[in-house]
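[1] I would like the atomic coordinates for the input below:
(2 chains)
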Amino acid sequence: GAVVSQHPSWVICKSGTSVKIECRSLDFQATTMFWYRQFPKQSLMLMATSNEGSKATYEQGVEKDKFLINHASLTLSTLTVTSAHPEDSSFYICSAGTVVTGYTFGSGTRLTVV
Amino acid sequence: DAKTTQPTSMDCAEGRAANLPCNHSTISGNEYVYWYRQIHSQGPQYIIHGLKNNETNEMASLIITEDRKSSTLILPHATLRDTAVYYCIVRAPTGANSKLTFGKGITLSVRP
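    Take a look at the predicted model:
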């Protein structure tokens, strides 16, 4: 089945620094990838839709200059949290797939900003 | 806005069937019903999906009412490892409604 690898699984960074999270589709080509954020005891919130070769589409209220998304190939999308602050601490999850194969989720990245 | 409503929580005994309901009264003709589950601190796991016919796989069965306004996910023999948050999602195959939008889900607790 479709496998999505997300890296790193957890990261701790200092306030003001930037963090990059990678999402890879290992055995299929993903034209579309989604990025979610999940705070404790809450549901997943869609942040943006990443389309290979074009700009990402951000959901309302998500700052595109703070959460930079790059989908340069059919197997890799990256989310960079720029100038991270403690309130950005969260569980970030990516999802990849196609209309035909459906969507598979990565294992998530727990970001802690100190 | 989530297009589905689910109870907040339910529990069942290990070895018994777990029936998880979901209402999606505003579902459109081209929208599928998807079920995912999330075990604590992990990414969501796909369970099953269907359009209008009942579906079964190695994990579960999906029963969709004839009017498609509600569905039930059935875990035939629940185990402790099935304790998780289960999300019912409606999604179109293409277009603006093809995004997977999560509601609050239902927390299933399987007791020994």
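
[2] pLDDT wise, what is the closest residue to chain A within chain B at?
    When distances are taken as Cβ to the nearest Cβ, chain B approaches chain A most closely through B:Gly43, which lies 3.7 Å from it. All C-beta spots, glycine's among them, are computed from the backbone N, C-alpha and C. If you check B:Gly43, the pLDDT there is 95.

[3] And A:Ser73, by the same measure?
    pLDDT, read off for A:Ser73, is 89.

[4] burial count for it?
    Each residue near A:Ser73 was counted by other Cβ atoms under 10 Å in any protein chain shown, and the total is 13.

[5] follow-up on the earlier one: and the residue of chain B closest to chain A, how far is that from B:Ala92?
    According to Cβ to Cβ, to the nearest Å, B:Gly43 stands 22 Å off from B:Ala92.

[6] More neighbours: which of the two?
    Neighbour comparison, B:Gly43 and B:Ala92: the larger count goes to B:Gly43, with 22 against 16 (by other Cβ under 10 Å).

[7] quick one: the more buried one and A:Tyr103 touch, right?
    No. With contact defined as Cβ atoms under 8 Å, B:Gly43 does not count as touching A:Tyr103 (10.9 Å).

[8] who touches both of these two?
    Where contact means Cβ atoms under 8 Å, 6 or more residues apart in numbering or on different chains, the residues bridging B:Gly43 and A:Tyr103 through contact with each are A:Ser95.

[9] OK, contacts around B:Asp82?
    Under the criterion of Cβ under 8 Å, 6+ apart, the contact list for B:Asp82 reads B:Ala18, B:Arg37, B:Leu75, B:Leu108, B:Val110.

[10] Could you export the residues you listed as JSON lines, including neighbour count?
    As requested, the contacts of B:Asp82 are arranged in JSON lines below (neighbours: other Cβ atoms under 10 Å in any protein chain shown):
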{"residue": "B:Ala18", "neighbour count": "22"}
{"residue": "B:Arg37", "neighbour count": "23"}
{"residue": "B:Leu75", "neighbour count": "21"}
{"residue": "B:Leu108", "neighbour count": "21"}
{"residue": "B:Val110", "neighbour count": "19"}
